[in-house]
Structures are given as C-alpha cells and as structure tokens.
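*Asks:* Sequence first, predicted model second:
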There are 2 protein chains.
Amino acid sequence: MPGYPELDHTNDPAARSWVGTANDGINDFPVQNLPLGIFSAAGLPPRAGMAIGASVLDLVAASDLGLLGDAVPRELLAKAGLNDLFAAGHGAGLRLRHAAFALLEASDTMGAQAHAGAILHDMETVTMHRPVHVGNYTDFYAGIHHAVRAGGLLQPENPLPDNYKWVPIGYHGRASTTRVSGTDVRRPAGQFQPAPGAAPEFGPCRELDLELEMAVYVGRPTEWGRPLGIAEAAEHVAGYGLLNDWSARDIQRWEMKPLGPFLSKNLGTSLSPWVLSPQALAPFRVAMAPRDPADPQPLPYLMSAEDQAKGTFDVALSVQIRTGRMRAAGDAPVTIIRSNMRDLYWTPQQLLAHHTCSGCEMEAGDLIGTGTISGPREDELGSLLELTMNGARPVRLPNGETRSFLADGDEITLKGRCTREGFVPIGFGTCTGTVLPAPVAAAPRTLAGSPA
Amino acid sequence: MPGYPELDHTNDPAARSWVGTANDGINDFPVQNLPLGIFSAAGLPPRAGMAIGASVLDLVAASDLGLLGDAVPRELLAKAGLNDLFAAGHGAGLRLRHAAFALLEASDTMGAQAHAGAILHDMETVTMHRPVHVGNYTDFYAGIHHAVRAGGLLQPENPLPDNYKWVPIGYHGRASTTRVSGTDVRRPAGQFQPAPGAAPEFGPCRELDLELEMAVYVGRPTEWGRPLGIAEAAEHVAGYGLLNDWSARDIQRWEMKPLGPFLSKNLGTSLSPWVLSPQALAPFRVAMAPRDPADPQPLPYLMSAEDQAKGTFDVALSVQIRTGRMRAAGDAPVTIIRSNMRDLYWTPQQLLAHHTCSGCEMEAGDLIGTGTISGPREDELGSLLELTMNGARPVRLPNGETRSFLADGDEITLKGRCTREGFVPIGFGTCTGTVLPAPVAAAPRTLAGSPA
C-alpha cells in the first residue's frame, strides 16, 4: 500500500450518509472521515467503533451482521485497543474504511439502515477509552516556533539549541499516565525553585500549563535493529489524533538538567478518542514549507522528495478554556489559542525514520507526540508559557478572570479541523481535560518516616 | 507486610538444599536466594521459575504436584511475565519463597526430590526471557560518583547540576527495546558531530559504551494521582536485578540538549534474568552513607529515618569484557570495572517516592534503573566513558588489545554478589550482551526518496 494514499471514492465530496447528523457540513465526522476509536456501552465491553455524525458505529456488531464482509477479522475489532488492527497495516485499515463507507453511504445498497438500532449508538451515551494500549510513548519537539519562544523563556541563554535544525529532538514519555479525553488531570506536587538560585521547595505546582500537540499512532511494527528508510515510514503510520501534553513549568525548569523533563510531564497526557486515517486526511496533505536558505537541508536519511511534497497536513488547531466560574455561570468556552500542524519543522515520517535510525523497535499502537505546535504569528502560541510570556502577560478572559497558568477547575479543550475548497471538512473531535486540585498531602507518618 | 523484612528462617546460613549444586558456597543461587525468573524449556511455554544451584525449579510443575501448597494461585505462575505475581505484593512473594524453601531444603520433608525429574531443569538447557513485560521503564541518575565524572566529560561547564543533591534526577526510557541477558545488541547509527562545532554526520556510532546499573522492579501498583509516602515505598519494590544501559556517547552528546538522551539510549537495555527478592537481600541491607555536612538533607517527602538506616544494599558489582579475539583464542573474560550499589546517592525507596510525587502511576513490573553506579575510588568506574576518560586513556587488555569504547564482537557481562560474615553469599547471575555491527545501510531508494 502506498504510504501517501491518493484520493479515492471515500474522499468524494458528493458522498452523504443515511446517518443524517453526518451531513450538516459542521459535524466533525461526515462519511468522508470515519475515524476509529474504542468505546463501550451499556452491556458491551470495550471494542472498536467508528464515528459517523453524532453516532458511533459498532464495528463488532456490524461484523456479526455480515455488514463488513471479510474486510478484517472480527477479533481485530473486539479488542480493547486498536493495536492489533493497526499492526495489520494500511491495507487492512483501508479495507475496513471501504466496507464501512459502503455500509454508511446514503444509497444504503447493503440495507444497513434497517439494522441501525443494533449497530449505531448515540455518541453522547457511550464511554470512550484510550484508542490504543500505549506500549511506548515518545514526545518530539518538532514545533520550531514553540521551540524558539519556549526555549527563550525556559533557557534564555540558548533558546534554539545548535542541534535543532539537524536532529528531530525527542524524548521518551510516560506511557502509564496517558488518558483519554474527558479524564480529569490532577495538579502535581514536586520540587521547584521559588526564586532563581534559591533552595527548592516541595509543594503543588504553581505553573501548570497545557501543550497543543498532534498524536501520531504507529501502525505496522518495525524490527529491532532495522531502521526505517524515510520512503518507508509513511506506511507505518496508522493515523492521527490530538494530544495535550500537560506540563508543570516550575517543576520542569528545576528538574530538566541534564536529562530532560520527567515528573513535569508524567502527571498525565490527554488523547482525543478518535484516530483519523491517512486516507481520510488525503485531501488535506500539504508540502513542507521551504526551509530558510540559511538552514541545513535534512540529512539523507531524513530526506525524500515525496515526503517534502506531501508529508504533512493542513490541520487548523485550537484550544479553548472554560474556567470553573465560567462553567458555574453557564458561559461558553473561549478560544485562547490557534495554530496549524503545517507549521511543524519535521514531518511525521521524518520523526519515525529518525526514531528508528538507532534500531529502536516501534510497536503497533505506539504513541508519538509531535511537540507543541505554535505558528509564526504572535497569536499562534501553543502553550500558556508562550501566550502569557511565562506568566508575565496574563490572558484576560471575557468574564474578567485572568490566567498566567492554569487554575484548578479549568477545563481545556483541543480541537482540530481540516478544510479545503471542494472537499467536505473533517475534524478530530475534542481532547478535553479539567484540572483537579493537587493531592492531599500524604499522612504525617509518611513524611516523618518509620512504622511501615 | 513490612517493606524492610527482618531475617527469617530462609536466610539461615545453616540451611542447605537437596540440590547439590546449590551448596558449594560459590554458586549464586543457594537455597537462601531463590530468585524468580521466566523460562521456557523444550515443550514448555514461558512460565515462572526459581534458580536453585545450577538448576531451575519449574514453579508451575511444582504447583501442579501440590508441592507449593496454596502459596499463590497457579495462574500467577503460568504467565510469560512476573507482573501479576509482583502485583500481588510482598505477602504473596514471601509465601512463595517459604513454600519453595520448604520444597528445596535438604531435609526434604515434602518428598520433593522424588519429583526432581519433573520439576527441575538444568539451567544450561532452558531459555530465559525478560522477567517482566516492561510496561514502563525509568532510568535514574542516582550514582553521584558517575554523575560527577561523566558530567565533567559530557558537560564540563556544569558537571554536577545545581539540582543534583536535591532532586533524584531521572528520565523515561524506552520499554520496547529492553532485552534479557544473552541477547546481542546492535551498534546504532545516528547523528554526531565529528568535531566540536562541526556540522553533524550520520553513521554508525563510534563511541558505544556500557553502563553498570541495578534494576528495581515495581511490585504492588500505585494509583494515578496518589503519591507514595517514603515510608510506604519499600512495600512497592518487588525485587532487584542487573541492568546494562548501553549508551552511544557521540550520539548522546549531540542529541541530548535540551530534552535529554533519546536514541543514544534506546538501542537496547539488557536485563539479568533473575529477580532477587527483598527477603533474600535482607542480610545485606546497609545504611546510607552519611551526607556531607555541606549537602542539603533530603526534603521531607524523601526522608525517613528507617530508610536512611537500611534503605540500600551492599552489592559488589563488576563488569567483564571478552573481545571477539579473546573468544576466538579461548581466553577467559577480564574484569574491567568494580563498584557497589551502596555508593548510590538515593535509595530505591527515595526513587519511587520521588517518581510518584507528581501522581505518576506505577504499574506492577515497571522497570527502574538506578543510573550508572561508580564508586569514590579511581578504580570504581561504571562506564567506559569514565574508565577511559572519554576515550583519551584506552583500557589495555591482557592480550594487548585496547579499548576506548566498545568494538563489534565485544561481549560484556555484568555481575553482582552479596557477601557478609556469617551469611551464605548470594548472587545476581549474569547480564550479558555482545555488540553486533551497525545495520547495513538502508537500500538506496530509501535515501533518495520516492517510489513507495
């Protein structure tokens, strides 16, 4: 299967679904999208589903009714994670998409609508789960506009490190604390310096931040000791989602030298529940912006003409906030951040080729974060660190509240949407989380030591 | 169960086993040790075993014969990883140890020796596997003597960072590339600077190193958002092993700013197959060395009088090398490094309390590396980086070969052994790996890009 799929009939803007809510041009999930996720509903264990309009298509139920033909084995759909389905590669994903498209398309040649009660659930009534079991999580730093701005604030002596334009910088993240959208995230405690040069204190984080990122999911696994060529990499990407890399800036500043961020990033990582496929995103592929002539060209193992021509996507991203006070007053969320995936410095394929050049083994369903995505403009800032100049320039919300960093009760929502003239817009759904207060201090005995 | 167990009858130096090889005083696995591992043998799928002398006790077979009583449910023993057994906590581990001790002890009151053919395998004939499924891997930097020396070589401007004596520095490692001892490790390719300030090149690593570490395995899991008190932490440690954190120094130096080591550490991490329990190690508990009066005391969340008094172990560690030429000539391995776990700056309990203070969730079987363990003396250096002064002072081997860093074909073996007057010595077995050449360059099309 080609790693950069051509448009096919499932991208046809004329297509409509017999699921009416999919056809309004506003909903994120028209029949051209068909993202995969894991859901459970009353009486049903977690399983694979597909978003269609305001509904979720139960792929196991559809398979049991023979409505998916032999697109993929039923057992790949009946698991609590998409890992094994992703492992089956682009071919399997595309067969499933084609089968679901035939099932949901308005002409209903399969007579599926007669089974709507058995195969569709109202999206509001289901529980969404992490789309994959996250075996490994890597977070990159591919947003150059973020790197320049955040680097300047966190490490003013060297905002953009010497290696930045040569090597896709990344680090390993914590898999166990990845969570699906809708899960509240607890403010961490940790060490931080109350003032530069001062002895550290231990207590609740005072500078809790969000980071607007894209999630890239690995499909077909790679072999240990066998690097992926850049031209092969796209075939190993199963799909894309949204990721909020919650960050404790005060803890991060103190802990990160010399081995990088640790506790400041493992308090929780929020994932949107729906994974959009390369085929769904095909109309929105764009070329990488030409590099500044003063910048080095990518080294050969990261360079492919095809990848430079269509290796990334035009995804309009945004972040909304709704504070506890806004929620109590019934106020709608307010958008505080806008950005776009096309402003990354490296393509997902470059990230993957780099990740494996050491021989590192990628497993199906592995999670890769792009790093925070900011844009070149002053209003395209993917974190509060940048937006508020490290707290020096608080954001004023319409109800008069201000935010330097996040307060307990703040609800943060990431969105992503693709639009292009002549095509039906598709979206990523939402990636939401609300900040809970720091944990109650451990009981005194645990501080004083002893009893056991 | 107490997290710091008192000595019991299984630590009795007078005890002997009916398995003769366990009683020679030299073997790592006398009846006082009884470490757990995962093995497979002809016709048997992977399962839990216990090392006894030169044999492996098949715990599933012993359970099926009723020789373990109701110590632990059989299904915890029949899995391909020790995770679920570890999750059951110290109580389950201790019941299993007591049952196995009764089974193997010389008086053989259970009549187990009559079943030796069914329950014992020659260690030479079995295949050992990773002891756990590694869901999450964290590597710390708790060896202060290593931090000072390596820091001085990698980052001379700031060898020991300001935060070192306050915060147990750690970073997330790559779980997918952890491997059991005996697995060969491939030299990675990557970017490095051929000279300071020069543009980077891409190619096989030229400065491949080993790192001598201890592995700490998490037992009972923790809850997300619920930090462990320092006094609770020991109850969450299932056991200990050896860990070789293979490191590509040239790649590391170039990639690690600002987010820490990445590809330079994910080429492979070798684990010894046997996990020693807190009870087996009880005789070898020692106090932490008093801190230099000029050093800060641990912050309250890391401070417990009990932990300071018995939070670490006296484990004599060593590293042996056998080059390809030595192997061809039939030469024995040569010891190039000696060190001791007691020289760490933080106890395993402090590492765990720190790790969870952010609310980070620990899963049963999670792997924690201590960081490279060097000692205060000039001959106690836990890596080649230190031993050869970053290659400037090559090691001369008895056959005349020299090593600045590792060459293809070099076999590296870590060992650990506990001795104390009045007790039977126990050991960790070995953690071995041989360096394979870098991967053959990817086919030209993958460099030039295109076809797919």
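*Replies:* Okay, I see it.
*Asks:* can we go C-alpha only for contacts and neighbour counts from here?
*Replies:* Fine.
*Asks:* Buried residues of stretch A:65-78, list them for me.
*Replies:* A:67-68, A:71-72, A:74, A:76-78 (16 or more other CA atoms under 10 Å in any protein chain shown).
*Asks:* so of these, which ones are in helices?
*Replies:* Counting by DSSP state H, the buried residues of stretch A:65-78 place A:74, A:76-77 in helices.
*Asks:* want to try CSV for those residues, with distance to B:Asn136 as columns?
*Replies:* Below are these laid out as CSV (distance: CA to CA, whole Å):
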residue, distance to B:Asn136
A:Arg74, 30
A:Leu76, 25
A:Leu77, 26
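*Asks:* Show me what stretch A:114-133 is in contact with.
*Replies:* A:36-42, A:46, A:51, A:54-59, A:61-62, A:80-83, A:179-180, A:271, A:273-275, A:365 (CA atoms under 8 Å, 6 or more residues apart in numbering or on different chains).
*Asks:* now do 7 Å
*Replies:* Contacts of stretch A:114-133 with the rest of the structure, by CA atoms under 7 Å, 6 or more residues apart in numbering or on different chains, involve A:37-41, A:54-58, A:61-62, A:81-83, A:179-180, A:273-274, A:365.
*Asks:* what's the span of stretch A:37-57 from first residue to last?
*Replies:* 10 Å (CA to CA, to the nearest Å).
*Asks:* can you check stretch A:197-216 too?
*Replies:* 39 Å.
*Asks:* what's the distance between that stretch and the middle of its chain?
*Replies:* Centroid separation for stretch A:197-216 versus its chain: 19 Å, with CA atoms, centre = their mean, to the nearest Å.
*Asks:* picking up where we left off before, could you list which of the ones in helices among the buried residues of stretch A:65-78 also contact chain B?
*Replies:* The subset of those within reach of chain B, by CA under 7 Å from any CA of the partner chain, is empty.
*Asks:* Make CSV out of those and add distance to B:Leu317 and pLDDT.
*Replies:* Converted to CSV, those look like this (distance: CA to CA, whole Å; pLDDT from 0 to 100):
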residue, distance to B:Leu317, pLDDT
A:Arg74, 51, 98
A:Leu76, 46, 98
A:Leu77, 48, 98
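*Asks:* Which of those lies at the shortest distance from chain B?
*Replies:* A:Leu76 (21.7 Å; CA to the nearest CA).
*Asks:* so how far is B:Gly43 from the closest one?
*Replies:* A:Leu76 is 29 Å from B:Gly43, by CA to CA.
*Asks:* now swap in A:Pro300 and tell me
*Replies:* In terms of CA to CA, A:Pro300 sits 47 Å off from B:Gly43.
*Asks:* Please apply the same query to A:Gln155.
*Replies:* Taking CA to CA, one finds A:Gln155 at 58 Å from B:Gly43.
*Asks:* So between these two, which is more surrounded?
*Replies:* More crowded of A:Gln155 and B:Gly43, by other CA atoms under 10 Å in any protein chain shown: A:Gln155, with 14 against 6.
*Asks:* residues contacting that one?
*Replies:* Contacts of A:Gln155 by CA under 7 Å, 6+ apart: none found.
*Asks:* redo that, cut-off 10 Å
*Replies:* A:149, A:161, A:253, B:258 (CA atoms under 10 Å, 6 or more residues apart in numbering or on different chains).
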